[in-house]
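In: mind looking at a prediction? Sequence and model below.
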Amino acid sequence: MNKNLVILSLSQIFSFTAAPVTVFLSGIIGSQISPLLSLSTLPMSISVVGIAIGAIIATKIMSLIGRKAGFILASIGNFLVCLLASYSILNQNFFLFCFANFVLGIGMAFTHQYRFAAAESVEKNKIPKAISIILLGGIVSAFLGPGIANYTKDIFSEHLYVGSYLSLGILTIIPVVFFLFYENTSKIEASKKYSGRSRLELISQPRFLQALVASAFGYAIMTFLMTATPLSMHVMEKMSLSKTGMVIQFHVVAMFLPSLFTGILIKKFGHSNMMYVGVFLYSITIMVSFFEQTFYNYMFALIFLGLGWNFLFISGTSLLVLTYREEEKFRAQGLNDFIVYSVHAIGSLSAGISIALTSWKIMNIICIPFMILIILTTLRADLKEKK
């Protein structure tokens, strides 16, 4: 444990609270202040678009001013945008609330860079362990963020949830203190002229396509159902906000906790087998939806949804890095992230429309064709490799 890794781990606990709080509250708040119920999940979807765009912004800014200044700038920005979100809720301004979530998404893109900063702070043989430590911080965030947001939601009794975003602002600015002691370790390298394959050539590779489909549609299915969960539980099934928050918390834990051993399983059983397991775990979530919608059924379904996402997303991401050459990495990673986050945003936005027009059971059934697509793409890559 070096100083930078300790700072990043502590900062992750507080910065990452923005993610579970957005999942927990944005759809519920959206359903109360949006002009149409079908637009309830728009703030969540806009935040995902913010993450996609923010990934480019974060990389560019930190390449110019360094990680330390970039992380500090992002924490201050997150604090200010949380104040803006509180103001938008206070004034029942749905579109301003959407804008606040978009900017908060950009801030979350900086938080996603913590794992890369952790990798730069340790020796090569310790990188997996360093990233695992960062992911553990996300588990603490899953309980800390929604817990405090729920506890402070009625500080202003006539304006529900204003206090939630004020408390989130306090949480997200705490890392500023930690990063004052952070030391930049990476140097800016001059860019080289690109000499690799085109995007079409990259995506035409069976393994590249397999990795992309597993990550993109694994993420889309998870987002589609996760985003609709607070609306289905709290708005439609009239379950308490505390129970809804608890389900989201355990779901996020299930998303990140397996990361401590997923890499070992991939090494032992292979990427494809772990993707099949991920689809099987999603199948359990779908089967549970055919039973009565109770608190325990939602809890059970969302835990397996989180586990399935972990297996599919980490398998897809780790397979991707094996499909391109060094000079192609930025083009390949950019293509992958653009498609993954675009499909991710579509899944989030369509969740609100789907839950308003159909039902929780139908939403689960809708996911089946995309699970089949993951299986077929994986089978195709496996068969191509055997020839």
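Out: In hand now; what should we look at? Numbering: from 1, shown residues only.

In: wait, doesn't residue 7 sit right on residue 185?
Out: No. Applying C-beta atoms under 8 Å as the test, residue 7 and residue 185 come out as separate, 11.8 Å apart. The way it works is simple: take the backbone N, C-alpha and C, and place the C-beta from them, glycine included.

In: of these two, who's got more company?
Out: When neighbours are counted by other C-beta atoms under 10 Å, residue 7 and residue 185 differ, and residue 7 comes out ahead with 24 against 14.

In: mind listing what the closest residue to residue 243 other than its chain neighbours touches?
Out: Computed as C-beta to C-beta, 6 or more residues apart in numbering, the closest residue to residue 243 that is not its neighbour in sequence is residue 295, at 5.3 Å. Contact analysis of residue 295 by C-beta atoms under 8 Å, 6 or more residues apart in numbering lists 233, 239, 243, 247.

In: filter those residues to the buried ones?
Out: Buried by 16 or more other C-beta atoms under 10 Å: 233, 239, 247, out of these.

In: report the buried residues of the helix or strand where the last one lies.
Out: Secondary-structure element containing residue 247, defined by DSSP states H and E: helix 241-256. For helix 241-256, the neighbour count (16+ other C-beta under 10 Å) marks 241, 244-256 as buried.

In: and for stretch 142-154?
Out: Neighbour counts over stretch 142-154 (16+ other C-beta under 10 Å) mark 142, 143, 144, 145, 146, 147, 148, 149, 150, 152, 153 as buried.

In: break the chain into its domains for me.
Out: Split into domains by automatic domain parsing, the chain comes to 1-184, 197-387.

In: mean pLDDT added to those, as JSON lines?
Out: Formatted as JSON lines, the domains of the chain follow (pLDDT from 0 to 100):
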{"stretch": "domain 1-184", "mean pLDDT": "87"}
{"stretch": "domain 197-387", "mean pLDDT": "88"}
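
In: give me the number of residues near residue 284?
Out: 15.

In: that should have said residue 3, apologies.
Out: 11.

In: for it, give me its contacts.
Out: 181, 182, 183.

In: now it: how far from residue 219?
Out: Distance, residue 3 to residue 219, using C-beta to C-beta, to the nearest Å: 33 Å.

In: and what of residue 91?
Out: For residue 91 relative to residue 219 (C-beta to C-beta), the value is 33 Å.

In: and if you look at residue 351?
Out: 13 Å.

In: check residue 18 too.
Out: Residue 18 is 18 Å from residue 219, by C-beta to C-beta.

In: the two: which has the busier surroundings?
Out: Remark: of residue 18 and residue 219, residue 18 carries more neighbours, 26 against 21, as counted by other C-beta under 10 Å.

In: hmm, residue 167 and the more buried one touching each other?
Out: No. Counting by C-beta under 8 Å, residue 167 is not a contact partner of residue 18; they are 11.7 Å apart.

In: which strand or helix spans residue 290?
Out: Going by DSSP H and E, residue 290 is not part of any helix or strand.

In: contact partners for it?
Out: residue 361.

In: ok, now how distant is it from residue 277?
Out: 21 Å.

In: likewise for residue 210?
Out: Plainly put, residue 210 is 15 Å away from residue 277 if you go by C-beta to C-beta.
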